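Engineer: What follows is a predicted protein model with its sequence.
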Protein chains: 2
Amino acid sequence: MIKKAVLPAGFTANGVNCGLKKSGKPDLAVFYSAAQAKAAGMFTTNKIASPAVALCKSYLKSGKGFHAIIANSGNANCFTGKQGLADAVKVTAEAGKILKIAKSAVFPASTGIIGKRLDTAKITRALPGLISGASATGIEKAKRAIMTTDKFPKEFTAKFDIGGKTVTICGVAKGAGMISPKMATMLVFIFTDAVISQKALGKALAGAVERSFNRMTVDGCMSTNDTVILLANGCSGNKLITEKDNFKPFSSALDMICLELAKLMAKDGEGASKLIEIRVKGARNDIQAKSAALAIANSNLFKTAVYGENPNFGRVVQAVGASGVEVKEEKLKIKLGPLDKKEVWVDVDLGLGKGGCVVYTSDLTPEYIKINAAYN
Amino acid sequence: MIKKAVLPAGFTANGVNCGLKKSGKPDLAVFYSAAQAKAAGMFTTNKIASPAVALCKSYLKSGKGFHAIIANSGNANCFTGKQGLADAVKVTAEAGKILKIAKSAVFPASTGIIGKRLDTAKITRALPGLISGASATGIEKAKRAIMTTDKFPKEFTAKFDIGGKTVTICGVAKGAGMISPKMATMLVFIFTDAVISQKALGKALAGAVERSFNRMTVDGCMSTNDTVILLANGCSGNKLITEKDNFKPFSSALDMICLELAKLMAKDGEGASKLIEIRVKGARNDIQAKSAALAIANSNLFKTAVYGENPNFGRVVQAVGASGVEVKEEKLKIKLGPLDKKEVWVDVDLGLGKGGCVVYTSDLTPEYIKINAAYN
């Protein structure tokens, strides 16, 4: 595992400013594989989702093979109706024209302000230069072009061996905690050169997302644009990974990448000063453990107490009691780690069964209010 | 309706400092009716509830008639196990002894720190003076003895006529938004001299609570000690109120009192600078309307935007979309009132049906963080 994005064989990327961000910072990214890639995706379950999300889902279903992701920051293209869908289609069609591939081989992704029409003219004007400039090292620019309130880019790379061939998985993400429908959508793009079956790809991604991004929360607000896309172009030439063969090394590496990206997002939660690890065990089952852990992670009172380094276990008691999971006062054990650290933990033992779950969040600070009160 | 507590005929009250609050401010209250009263109660559904709540429920079931409430602030007597229950029983037994009534005629209520044993010696030492000093005007002290982080006491009185007899309903409440398990439990005590059947009393209270306190939220954190008790001592001598006779004037007055108390609590939400009224209509049904309204009311992003007077309707879109209720983007209409006021509103029309609900909350401010980070 290296804490840096190193694109796998056959992938290139680039990032430019196309004018959506007035600051002049990069706001348009391309990720590209000349070799046709398989793809898997996971998306927001918010009932009002961006047309970009709808289009990704539709391409995943009907597409015959995938080559690229075009992602913009500065505008979420959400709550934009049929026009928004037409605009997302236009971006993928224009990119497809330049790349000489079907539009359905290009995934769109957007993050930024909700309810304003995407300025596709700015994007299409910038696409030729963006695409022609793509390179293996262009990931440095691409990872910054998807940032919004992020204080730092999130990136991880894992390399492992399958039958003498090195397989690489590289993930980049943006999201200061998948919290704001205006800015802090979670976008995660993962690239691998693995040769892998479609089924194994989907299974590995679903498992990794459940064990990482679904166990991380900053303020419980699910974005309209959350998107995770995994592209596998097979350039490593390894022996085929299936659900039965060589699955474990691939899925373990993917798990690690997703978990580390999730932790980086929680750490970068808007205004966050601390990363909080909430470890629940002794629940009736894993689902109840997750509910209890998320209830604590989403408690403003608990998160504020952690910010204040105030070892207030009553706030954990309250959150667990209100979470709806089975809990018996006389069995409940709570232990708070030292709070005067950058990374803190709380252990909760419900004492009832074997269910467990670990969830990550950040503290709630005056800075969170400042960021979200002032932003327009 | 008057914005002041005026006890109905036959009720007295008092408040003193018994030493639970080190500040010397009142921390122990009695509310008393020499005439035997009927009672109805509603309590927290948090699975870890104070023994005081458990005892109130048990007395409501088994008790033969009621005379008093003894309430303390400064200690929640919660997460205190069997000892906590014994301590709550002791307080009611001691009060019963002095008042020469069964302990089950006395409701206990506690609010304050969780997980610390209640110092019953301090309470029992103070009980004789507290009780002997009770008077009709003692409500002034009693309403302050139940306050914790409250910036002001919450109180309302309604008077209306039933067949030539004046009936009075008076409610006092504490709670800076039923938010903190340590401090900001919601306690609501309502007194009436109405002659009313047990069934009508219970029905009126359940309806009023559903239409008020259950539609108000500050931070979505349900206290372990939330308690609403309504005592009816019959001293007005009015014609019997039943579910069929004279029910409407009674339940309307009770509704109004509960709604106004709920609004005062939201207004006094910890750190709040604005009262927010969230009006949802056009939902498939009332339950869906309430879910959507509460989702908005509990959204940190929305509440922070209101604090910043930032008319960010995207945050309403996000909350409604994530709430789980049926929503169609093309039908959804959102209107935000002017935000540069002390009382603000948002109108949401889902455009799907006839379901509606109004919910109250407050904004999320740096002051909230300050209060809850620092408090021990």
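Structural biologist: Received, thanks. The structure displayed is predicted, hence computed values, not measured ones.
Engineer: Relative to A:R211, how far out is A:V167?
Structural biologist: From A:V167 across to A:R211, the span is 20 Å (Cβ to Cβ, to the nearest Å). Glycine gets a C-beta too; all of them are placed from N, C-alpha and C.
Engineer: more neighbours, the two?
Structural biologist: Neighbour count, other Cβ atoms under 10 Å in any protein chain shown: between A:V167 and A:R211, A:V167 has more, with 27 against 18.
Engineer: Buried by neighbour count: which residues of the one helix or strand the more buried one maps to qualify?
Structural biologist: For A:V167, the element it lies in under DSSP states H and E is strand A:165-174. Buried residues in strand A:165-174, defined by neighbour count with 16 or more other Cβ atoms under 10 Å in any protein chain shown: A:V167, A:T168, A:I169, A:C170, A:G171, A:V172, A:A173, A:K174.
Engineer: how about the spatially closest residue to the third one that is not a sequence neighbour, phi and psi?
Structural biologist: For A:I169, the nearest residue in space outside its immediate sequence neighbours is A:T192; the separation is 4.4 Å by Cβ to Cβ, 6 or more residues apart in numbering or on different chains. Dihedral pair for A:T192: phi -140, psi 150, per degrees, to the nearest 10.
Engineer: Over to A:G41?
Structural biologist: Recorded main-chain torsions at A:G41 are phi -150, psi 150, according to degrees, to the nearest 10.
Engineer: Then A:T45?
Structural biologist: Dihedral angles for A:T45 - degrees, to the nearest 10 - are phi -100, psi 10.
Engineer: Tell me where the stretch 101-250 of chain A has helices.
Structural biologist: A:120-132, A:139-145, A:198-210, A:247-267 (DSSP state H, counting those that start in this stretch).
Engineer: Check the offset of the third one from the chain's centre.
Structural biologist: Using Cα atoms, centre = their mean, to the nearest Å, we find the averaged C-alpha position of helix A:198-210 to lie 14 Å away from the chain's own average C-alpha position.
Engineer: Check the second one too.
Structural biologist: Chain-centre distance of helix A:139-145: 15 Å, with Cα atoms, centre = their mean.
Engineer: Give me the phi and psi for A:V16.
Structural biologist: Torsion angles, degrees, to the nearest 10, at A:V16: phi -140, psi 170.
Engineer: so how far is chain B from the closest residue to it other than its chain neighbours?
Structural biologist: Closest residue to A:V16 apart from its sequence neighbours, by Cβ to Cβ, 6+ apart: A:L130 at 5.0 Å. Applying Cβ to the nearest Cβ, to the nearest Å, the value for A:L130 to chain B is 27 Å.
Engineer: So what's the residue count around A:L130?
Structural biologist: Neighbour count of A:L130, defined by other Cβ under 10 Å: 27.
Engineer: got it, and A:S362?
Structural biologist: Residues contacting A:S362 under the criterion other Cβ under 10 Å number 29.
Engineer: Specify the beta-bridge partners of it.
Structural biologist: Counting by DSSP bridges, A:S362 is bridged to A:L275.
Engineer: Now do the same contact list for it.
Structural biologist: A:G177, A:V218, A:A266, A:K267, A:G269, A:A272, A:S273, A:K274, A:L275, A:I276, A:K303 (Cβ atoms under 8 Å, 6 or more residues apart in numbering or on different chains).
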